[in-house]
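*Asks:* Predicted model follows, preceded by the sequence.
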Amino acid sequence: MTDLETFRRETREWLDANCPESMRTPMQSDDDACWGGRKWTFQSEDQRLWLERMAARGWTAPDWPTEYGGGGLNKDEHKILRQEMARIQARSPLNSFGVWMIGPAILKFGSEALKRQHLPPIVRGEIRWCQGYSEPGAGSDLAGLQTKAEDKGDHFIVNGQKIWTSYADKADWMFCLVRTNPDAKKQAGISLVLFDMETPGVSTRPITLISGSSPFCETFLDNVRVEKDQVVGEVDQGWTIAKYLLTHEREMIGGFGRTAAGSKTLAEQAVDAIGLDNGRLADDMLRAEVAQWDLDARAFELTAERVSAQAKAGQGVGAASAMLKYYGTELNKRRQELLMALNGTDALYWEGKGGFDGSMPRHWLRSKGNSIEGGTSEIQLNVIAKNILELG
Amino acid sequence: MATLVLNEEQQMLKDAARGFLQERAPIAEFRRLRDTRDATGFSRDVWAAMVEQGFAGTLIPEAHGGFAFGHVGMGQIMEESGRTLALSPLLSSAVLGVSALTLAGSEAQQADLLPAVGQGELLLALAVDESGRHDPECIRTRAEHNGSGYTLNGCKTFVLDGHVADRLIVAARTSGDARATDGVTLFLVNPDTAGVEVERTIMVDARNAAEVRFNDAEVPADAVLGRVDEGLPVLEQLLDIGNAHLAAELLGLTQEVFERTVQYLKERKQFGVAIGSFQALQHRAADLFSEIELLKSAVVAALSALDEGDDHADQLCSLAKARASKVAELATNEGVQMHGGMGMTDEFDVGLFLKRARAAQQTFGDQRYHARRFARLRGY
């Protein structure tokens, strides 16, 4: 038996013994996810157990080095773990901007001390992170950010305002882009700093969206003290890390275009909504639109697979993430518009048990943000035009 | 899961095909053949050189003198020939003809014909369409049993390279009415047979698509290709193969016209700057780039599904052809528009791509036909 086969067998046995039954059912909505952190209230004992057990093996961050609490798995082992979790429909034990974003950035750019301080609590789900990027005056023009950090010798004093901070009101720490050098050229005077959200001078206010939910906040920074050892990478060199994280974020959001395993396809939802006539969707105009969406979505899935296969084969994928982000989010918006059209007035119920218990219009409204957050569609097209096509 | 990245051999074949076609069959050669109203419609010399490169034997099994390089391999040659608008019987003979023989031919037919097809000495052509709109499930050409063989009556249109073919592969009805799923039979017909009339028709893309008429044309019993009355499923597979390779050709054409257009945006100056500095054009180019990336994936997925005998190869072939047709239409239209007045001239090549794209789109069904088929195959 090869090492990988042994690893698979042991992983399967361990998951069988340790994944609680209730954690082997698909999540009904985002509300079922576990985000961890100091303010977190577990929704069930099983949710707590599942996080603790996985974290103890480092499998909340399977490919991070074991010295920082990670699982230390190589690519093949990581893939096997994902496959074995999917086999029993195990839920992700932890949703975490720490694992997805700032952790990889600290691993790549951070000092040894930062790694030892921040990575283990991320793995254990003890600290929940938020991202302080956009500002009221710096959206698409992110490098125009104005939040300033004044050098006070051993620390900085930070003043400014951030906006669209995901879950800032629930987070424990922020990774934040600040201007450390007001005299340098736009991109050159930016640093990435870390601070505790309980630091005096930090306050947050949730923003109510058109969907009624409040996943984003305004964050106000009023004379916030940030220690100098909490700078990731070099001072004034934060834009490189910011770009690295933006690429990461694009890839995550670009995944929206794909139909999650186990959920109904658009075609199935279309059949549920309007039925078949002689084997064909009963409305020929909608059938044409659903088919066109289906064709585009299938080609998009194949492209995501191709890009990752090329990456594995060591072939450069370049600015592929901008293309995936652009196309994936536009596809998801089309899907949501089609679902609304397919279900007619049933899709409009906002309260009560009618229609889809209010979920359909909320998903539709939420999708409008997909092509804005993480860089608008227009910014992605700029990136493609400038970086790939070299049109200037 | 389909193979989506070329292996080393396939990449080498692609590079070799590109080098060869750009040298021996560039667009200047296409123009020469068009402008001299060449009777053959392609250059026999260039074809002989293609054969020497092994192109004609790419899909032929090794037992019959071929290279068995598969559809992904052949697709790379088709893609590269789309870039230079190379005129040749690659699609008609080396793809469709060879596939008809390997899918349905008897051992004797294969042994008799495949080596000669691989040597480029024998050309094949597929006669399926009977009206302007592709509808292979409606076959009216009749083949009646006449004791020793069959008597053919009817008319086929848009038979690619039909005017130079040495054998025609004809879909005819041996029983049932026009739309019956049983009762279609494939025949190998020598065009010299009495009662067979072939008329060359020159289409907008300056290629050859003959009209073939059968008036009491008698063929022997051993002209049957595959089983009597059971030809429709074979025909469907054959059309899947043809569509995957047409999608590959359209991918090559689309990339070429896109690259030339982007280059033009960098060179053409108005208001004192390159027009490629205007965001109105940048965003359209970037959107087109994304559409082409998705097309690349669809084409390679369809070709490898054919090689791997994937159960959903039919869906993937329709996906590839639908997307290739849609994106080629967009790319050629944008190409003409972004070239401005120059795009309207015969001197610039962009119009040649526009014309070939529409013809390739309509060959065996355009984006609408294949979107409908895709929906049907997916159960809605």
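*Replies:* Thanks, I have the structure now.
*Asks:* Helix, strand, or coil at residue B:63?
*Replies:* Look at residue B:63: counting by DSSP: H, G, I helix; E, B strand; the rest coil, its state is helix.
*Asks:* Which neighbouring elements make contact with the worst-scoring helix or strand of chain A on mean pLDDT?
*Replies:* In chain A, the helix or strand scored least confidently by mean pLDDT, DSSP states H and E is helix A:238-254, which has a mean of 80. Contact partners of helix A:238-254 among helices and strands, from 3 or more Cβ pairs under 8 Å, 6 or more residues apart in numbering or on different chains; DSSP states H and E: helix A:103-109, strand A:173-179, strand A:190-196, strand A:231-232, helix A:320-343. C-betas here are computed from N, CA, C, even on glycine.
*Asks:* Let me know the pLDDT of the residue nearest to residue A:80 when sequence neighbours are not counted.
*Replies:* Using Cβ to Cβ, 6 or more residues apart in numbering or on different chains and skipping residues adjacent in sequence, the residue nearest residue A:80 is residue A:8, 5.0 Å away. Per-residue pLDDT puts residue A:8 at 96.
*Asks:* I'd say residue A:8 and residue A:82 touch.
*Replies:* No - Residue A:8 sits out of contact with residue A:82 when judged by Cβ atoms under 8 Å, with a separation of 11.6 Å.
*Asks:* Of those two, which one has the most company?
*Replies:* residue A:8 (18 against 12; other Cβ atoms under 10 Å in any protein chain shown).
*Asks:* so which helix or strand takes in the more buried one?
*Replies:* For residue A:8, the element it lies in under DSSP states H and E is helix A:3-18.
*Asks:* what's the answer for residue A:46, then?
*Replies:* Per DSSP H and E: helix A:45-56 holds residue A:46.
*Asks:* quick one: residue A:69 and residue B:355, what's the gap?
*Replies:* Distance of residue A:69 to residue B:355, given as Cβ to Cβ, to the nearest Å: 63 Å.
*Asks:* next one: residue A:269
*Replies:* 41 Å.
*Asks:* which residues does residue 114 contact?
*Replies:* You didn't say which chain, so I picked chain A. A:106, A:194, A:229-230, A:232 (Cβ atoms under 8 Å, 6 or more residues apart in numbering or on different chains).
*Asks:* wait, chain B
*Replies:* With Cβ under 8 Å, 6+ apart, residue B:114 has these contacts: B:60-61, B:64-66, B:98, B:101-102, B:105.
*Asks:* Next one: it, what pLDDT does it get?
*Replies:* 98.
*Asks:* Which stretches in the stretch 101-250 of chain B count as strands?
*Replies:* B:124-127, B:142-145, B:149-160, B:167-173, B:184-189, B:196-199, B:209-220, B:224-225 (DSSP state E, counting those that start in this stretch).
*Asks:* Chain A versus the residue located most distally from the centre of chain B, what's the distance?
*Replies:* In chain B, residue B:272 marks the outermost C-alpha relative to the chain mean, sitting 43.7 Å out by Cα atoms, centre = their mean. According to Cβ to the nearest Cβ, to the nearest Å, residue B:272 and chain A sit 14 Å apart.
*Asks:* And that residue, its phi and psi?
*Replies:* phi 80, psi 0 (degrees, to the nearest 10).
*Asks:* quick revisit: please state the offset of the least confident helix or strand of chain A from the chain centre?
*Replies:* Computed by Cα atoms, centre = their mean, to the nearest Å, the chain-centroid distance of helix A:238-254 equals 10 Å.
*Asks:* could you say what helices and strands the helix or strand sitting right after that helix along the chain packs with?
*Replies:* Counting by DSSP H and E, the element after helix A:238-254 in chain order, helix or strand, is helix A:266-274. When contacts are defined as 3+ Cβ pairs under 8 Å, 6+ apart, helix A:266-274 sits against strand A:280-281, helix A:284-312, helix A:320-343.
*Asks:* What are the boundaries of the strands in the stretch 1-150 of chain A?
*Replies:* So, for the stretch 1-150 of chain A - with DSSP E, counting those that start in this stretch - the strands run A:129-132, A:148-151.
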